[in-house]
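> I would like to see how this sequence folds:
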Amino acid sequence: MNFQMDNRRSIHVFMNPIMQSWYDLFFINEVLTDIRFDTYVELGTYRGGLTVFLGLHAFSKQSEVITFDIRPEPDKPVYTWYKEMLPITHYCMDVFSEEAKNIVRNKARRGRIFLFCDGGEKPYDFETYAPLLEGNDVVMIHDKGREIFEHEVTPIAKKNGLIPFHQEDADKVGADIFSYIKWYKTK
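Next comes the predicted model:
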C-alpha cells in the first residue's frame, strides 16, 4: 500500500493512476465542491486520473469534461469503465492548434469554465489559454515551482486580467498549483 502523501507517481483515485499529489487533489476538490462550472477543461490527459476526478465532479453538477492530449486516449480498463459513465470527451490533438483553442473559446463563451493546465509546456499553455477566459472562469496551473514559476505566470495573469484565486489556501495545504480567476466581468 502507498501511504506517502506527497508521492506523485503511484497514487490512485478510485483505482485510476493520477499524477497529482493528495495535496493538489485536496485543494482542487475544495474549489470544485464549492463552485459550479459548466465545463472542466484539462490540458494534458496522460493516464486519465485527473480526468476521472474532474468527471466525477462534472457528473455531480451536470457539467462536462473536455480533455486534450497529443497522445491517444487512455485505454486501460479502469479509465474506460469510468469514461463510459462520466461526461468526458477526449480530444487527441495539439492544444496549441486553432481547433483546440476554438473548442475552449466556444465553451468559455457559453458558460463558466475550470481550466487545468498540465501539459508539457505549462508557461505556453497558460499564455495561450489565459486570453480565452471569460469572467469568473478559473485557471489552475500544475507543477508550481518545478515546471512553471511565479516570474512566468505573474505577467501573463496581469496582462489577461487574472487575479490570484485562493492561492494562499493552495500554498497552505501544500498544493503545487498556481490558481487564478478572471474576475472583472460576469457571464
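
> Can you show me the helices along the chain?
In the chain, the helices defined using DSSP state H lie at 22-34, 49-60, 77-85, 98-110, 122-129, 150-159, 167-173.

> mean confidence for stretch 161-174?
For stretch 161-174, the mean pLDDT works out to 97.

> and it, which residues are buried?
161-162, 165-166, 170 (16 or more other C-beta atoms under 10 Å). Where C-beta positions appear, they are placed from N, C-alpha and C, glycine not excepted.

> can you put the residues you listed in JSON lines and add distance to residue 62?
What follows is these, written out as JSON lines (distance: C-beta to C-beta, whole Å):
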{"residue": "161", "distance to residue 62": "29"}
{"residue": "162", "distance to residue 62": "27"}
{"residue": "165", "distance to residue 62": "23"}
{"residue": "166", "distance to residue 62": "24"}
{"residue": "170", "distance to residue 62": "26"}
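
> Residue 53 and residue 114: what is the separation?
12 Å (C-beta to C-beta, to the nearest Å).

> whoops, residue 55 was the one
In terms of C-beta to C-beta, residue 55 sits 12 Å off from residue 114.

> shared neighbours of these two, anything?
Common contact partners of residue 55 and residue 114 (C-beta atoms under 8 Å, 6 or more residues apart in numbering): residue 40.

> on that earlier part again, out of the helices of the chain, deepest packed?
Across the helices of the chain, averaging neighbours per residue (mean count of other C-beta atoms under 10 Å) puts helix 49-60 on top, at a mean of 23.

> What's the local residue count around residue 71?
11 (other C-beta atoms under 10 Å).

> who's in contact with it?
Contacts of residue 71 (C-beta under 8 Å, 6+ apart): 45-46, 92.

> same question, residue 128
95-96, 101.

> who does the lowest-mean-pLDDT helix or strand in the chain touch, helix- and strand-wise?
Ranked by mean pLDDT, DSSP states H and E, the helix or strand of the chain with the weakest confidence is strand 11-13, at a mean of 80. Applying 3 or more C-beta pairs under 8 Å, 6 or more residues apart in numbering; DSSP states H and E, we find strand 11-13 packed against strand 16-18, helix 49-60.

> Which strands and helices lie in contact with the first one?
Applying 3+ C-beta pairs under 8 Å, 6+ apart, one finds that strand 16-18 contacts strand 11-13, helix 49-60, helix 77-85.
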